[in-house]
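A.B. asks: when you get a sec, could you give me coordinates for this:
(2 chains)
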Number of protein chains: 2
Amino acid sequence: MLIKAVVFDAYGTLFDVQSVAGVTEDAFPGHGETITQIWRLKQLEYTWLRALMGRYEDFWSVTQASLDFTLKTLGLVATPDLLARIAAAYDALALYPEALAALQGLAPARLAIFSNGSPAMLTNLTRQAGIDTLLETVISVDEIRTYKPDPRSYRLVEDRLGLSRDEILFVSSNGFDIAGAKAYGMTVARIERVTLQALRDELSGAAVIGPKSLFKALRMQEEQLGAGADLTISALTELVPYVATRR
Amino acid sequence: MLIKAVVFDAYGTLFDVQSVAGVTEDAFPGHGETITQIWRLKQLEYTWLRALMGRYEDFWSVTQASLDFTLKTLGLVATPDLLARIAAAYDALALYPEALAALQGLAPARLAIFSNGSPAMLTNLTRQAGIDTLLETVISVDEIRTYKPDPRSYRLVEDRLGLSRDEILFVSSNGFDIAGAKAYGMTVARIERVTLQALRDELSGAAVIGPKSLFKALRMQEEQLGAGADLTISALTELVPYVATRR
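C.D. replies: The predicted structure is shown next:
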């Protein structure tokens, strides 16, 4: 089947979320790494659990609740402006270095983002990064009030683009998202932000495996969910020739 | 409403799962703790993800897949008999010290287990522990091929017992399970296997927060999912007077 659109996950795929860690370290010196990793692990857990429970709240609400959980667990109390600074950090996330060139090189194809992020978060994010003009549309799960990898979320992408699943190349770094899109029937490219070998070296070199390494182990590898990526790439620009021969 | 049945989660609530850690340490000396914690974190993630994806596989299958993920991530290879030894460890899990006395004291009420475990796992487990005769029934999510906290799973408990949700006291140590049962409308008792203060002491006393502490932080506290327990207990025997006055 020919590829008629390339659809990108946002957080961790086009945008590097590590900069949010700076906010927690500023607010709680010496605890930033621990807070950030527990928070991010819990943030995604809450999207899965709320979707499964049928009790959707939007991604900013889940982000706040998972931060509340984390601070309470650690016995810390949020400063009044912490949430505002986190919101600002999310709005100002940096693109991965090669992302802009990849989007520009792919531009003859239809391009979109499909994300768990709330519409407001995604609008701010794509505008400040200057990629809004390269994208045909930004699709948020919020429209149907569930989260990835609910198959209904990937169906939303088909509906919004007017394409069938086998005409869509979906790109993500997130294992659960890769499995979800592949299980749904899209062609899936995995962008490998942490190689298995680098992770193994990091894990085997540590006396105690800390939260950041554990996050990488839990969330930045391919999952064993019976639905693997069609291709693995180490830079988004590798998609340009891949798509050019399949359009 | 009067309590007509007391329904227990199994793993982590009636049964202490830490003994499974011994198997991984025997098989991979020095790596047991890391393997066990990544594996257990991923095991529950896979139940949520498979339920949300609508691609159920039973708990033993998920247990194997999450172990495969963990060993691959760490660059380790399973020995041929590892799975058999893990299965044997799951079958031989010990009851928490007060669990038998609690079940015996509650016995005038209808008693059941409701678990993610596969029917075969739960049958072996309850028989070897000698509590099968105290239980009216053992209910597995396998019957409807989804996982907690899918509301359909708690509906199965109602259906199997012929009771309405407000006649059931559900008991769990697992945050997601507590939130799921409460959101569904059951009365929920949280058995607190790790107190918040003990966890905070453990986390603040560590130079690097290791996998076991992170597991406790992520999985042994109450979740911020908008549905909290009706009561928190530190021993299951506390349920005996609670139920006696509400029957």
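
A.B. asks: hey, what's the residue lying closest to A:D9 once chain neighbours are set aside bridged with?
C.D. replies: In space, and not counting its chain neighbours, A:D9 is closest to A:S172: 3.8 Å by Cβ to Cβ, 6 or more residues apart in numbering or on different chains. Every residue, glycine included, has its C-beta placed from N, CA and C. Counting by DSSP bridges, A:S172 is bridged to A:R190.

A.B. asks: tell me the contacts of A:S172?
C.D. replies: Contacts for A:S172 (Cβ atoms under 8 Å, 6 or more residues apart in numbering or on different chains) come out as A:8-9, A:12-13, A:178, A:181, A:188-191.

A.B. asks: let's go with 10 Å and repeat that
C.D. replies: Counting by Cβ atoms under 10 Å, 6 or more residues apart in numbering or on different chains, A:S172 touches A:7-14, A:114-115, A:148, A:178-182, A:188-191, A:229.

A.B. asks: in chain A, which helix is the longest?
C.D. replies: Longest helix of chain A, by residue count under DSSP state H: helix A:32-53.

A.B. asks: not counting sequence-adjacent ones, nearest residue to the most far-flung residue of chain A relative to its centre?
C.D. replies: Most distant residue from the mean C-alpha position of chain A: A:A207, 29.6 Å away (Cα atoms, centre = their mean). If the residues on either side of it in the chain are set aside, A:A207 comes closest to B:V208, at 7.6 Å by Cβ to Cβ, 6+ apart.

A.B. asks: picking that back up, wait, the residue farthest from the centre of chain A touches B:A207, no?
C.D. replies: Yes. The criterion here is Cβ atoms under 10 Å, and A:A207 meets it with B:A207 at 9.4 Å.

A.B. asks: could I get the full set of strands for chain A?
C.D. replies: A:5-8, A:15-16, A:94-95, A:110-115, A:137-140, A:168-172, A:187-191, A:231-233 (DSSP state E).

A.B. asks: could I get these as JSON lines with mean pLDDT and distance to B:R246?
C.D. replies: Converted to JSON lines, the strands of chain A look like this (pLDDT from 0 to 100; distance: least, Cβ to Cβ, whole Å):
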{"stretch": "strand A:5-8", "mean pLDDT": "98", "distance to B:R246": "53"}
{"stretch": "strand A:15-16", "mean pLDDT": "96", "distance to B:R246": "52"}
{"stretch": "strand A:94-95", "mean pLDDT": "96", "distance to B:R246": "56"}
{"stretch": "strand A:110-115", "mean pLDDT": "98", "distance to B:R246": "46"}
{"stretch": "strand A:137-140", "mean pLDDT": "98", "distance to B:R246": "45"}
{"stretch": "strand A:168-172", "mean pLDDT": "98", "distance to B:R246": "49"}
{"stretch": "strand A:187-191", "mean pLDDT": "98", "distance to B:R246": "52"}
{"stretch": "strand A:231-233", "mean pLDDT": "98", "distance to B:R246": "56"}
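
A.B. asks: A:S153: which of those is closest?
C.D. replies: Nearest to A:S153, of all the strands of chain A, is strand A:110-115, at 7.8 Å by Cβ to Cβ.

A.B. asks: which other helices and strands contact that closest one?
C.D. replies: Here strand A:110-115 touches strand A:5-8, helix A:99-106, helix A:119-128, strand A:137-140, helix A:151-161, strand A:168-172, helix A:175-184, going by 3 or more Cβ pairs under 10 Å, 6 or more residues apart in numbering or on different chains; DSSP states H and E.

A.B. asks: tabulate the ones you listed (a markdown table), appending distance to B:H31.
C.D. replies: Shown next, in a markdown table, are the helices and strands packed on strand A:110-115 (distance: least, Cβ to Cβ, whole Å):
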| stretch | distance to B:H31 |
| --- | --- |
| strand A:5-8 | 36 |
| helix A:99-106 | 36 |
| helix A:119-128 | 39 |
| strand A:137-140 | 41 |
| helix A:151-161 | 36 |
| strand A:168-172 | 30 |
| helix A:175-184 | 22 |
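
A.B. asks: so for A:L93, which of the ones you listed sits nearest?
C.D. replies: Of all the helices and strands packed on strand A:110-115, helix A:119-128 comes closest under Cβ to Cβ, at 6.1 Å.

A.B. asks: same question for that closest one, mean pLDDT?
C.D. replies: The pLDDT scores in helix A:119-128 average 97.

A.B. asks: tell me the angle it makes with strand A:110-115.
C.D. replies: Helix A:119-128 runs at 130 degrees relative to strand A:110-115, counting by axes from the mean of the first three to the mean of the last three Cα atoms, to 10 degrees.

A.B. asks: quick one: residues in contact with helix A:119-128.
C.D. replies: A:10-11, A:14-15, A:58-60, A:63, A:87-88, A:90-95, A:113-118, A:131-135, A:138-143.

A.B. asks: any idea how many residues pack against A:G30?
C.D. replies: 7 (other Cβ atoms under 10 Å in any protein chain shown).

A.B. asks: backbone dihedrals for it, please?
C.D. replies: Here is the backbone geometry of A:G30 (degrees, to the nearest 10): phi 90, psi -10.

A.B. asks: distance of it relative to A:F215?
C.D. replies: Relative to A:F215, A:G30 is positioned 18 Å away (Cβ to Cβ, to the nearest Å).

A.B. asks: cool, and A:L156?
C.D. replies: Distance of A:L156 to A:F215, computed by Cβ to Cβ: 28 Å.

A.B. asks: now A:L203
C.D. replies: Per Cβ to Cβ, A:L203 is found 12 Å from A:F215.

A.B. asks: quick one: contacts for the closest residue to A:A181 other than its chain neighbours?
C.D. replies: Distances taken as Cβ to Cβ, 6+ apart put A:F170 closest to A:A181, at 4.2 Å, once the chain neighbours are dropped. By Cβ under 10 Å, 6+ apart, the contact set of A:F170 is A:5-9, A:13, A:112, A:114, A:154, A:157, A:177-178, A:180-182, A:184, A:186-190, A:229-230.

A.B. asks: and what of A:R110?
C.D. replies: Counted by Cβ under 10 Å, 6+ apart, A:R110 has contacts A:3-7, A:135-137, A:161-163, A:167-168.

A.B. asks: switch to 6 Å and redo it
C.D. replies: By Cβ atoms under 6 Å, 6 or more residues apart in numbering or on different chains, the contact set of A:R110 is A:5, A:136.

A.B. asks: before we move on, the earlier item: and the residue nearest to A:A207, how many neighbours?
C.D. replies: By other Cβ under 10 Å, 14 other residues sit near B:V208.

A.B. asks: quick one, grab the pLDDT at it.
C.D. replies: What the model reports as pLDDT for B:V208 is 88.

A.B. asks: next: A:Q18.
C.D. replies: For A:Q18, pLDDT reads 84.

A.B. asks: tell me how far it lies from chain B.
C.D. replies: Going from A:Q18 to chain B by Cβ to the nearest Cβ, to the nearest Å gives 18 Å.

A.B. asks: count the neighbours of that residue for me.
C.D. replies: By other Cβ under 10 Å, the residues close to A:Q18 number 14.

A.B. asks: equivalent analysis for A:E202, please.
C.D. replies: The tally of other residues near A:E202 (other Cβ under 10 Å) stands at 16.
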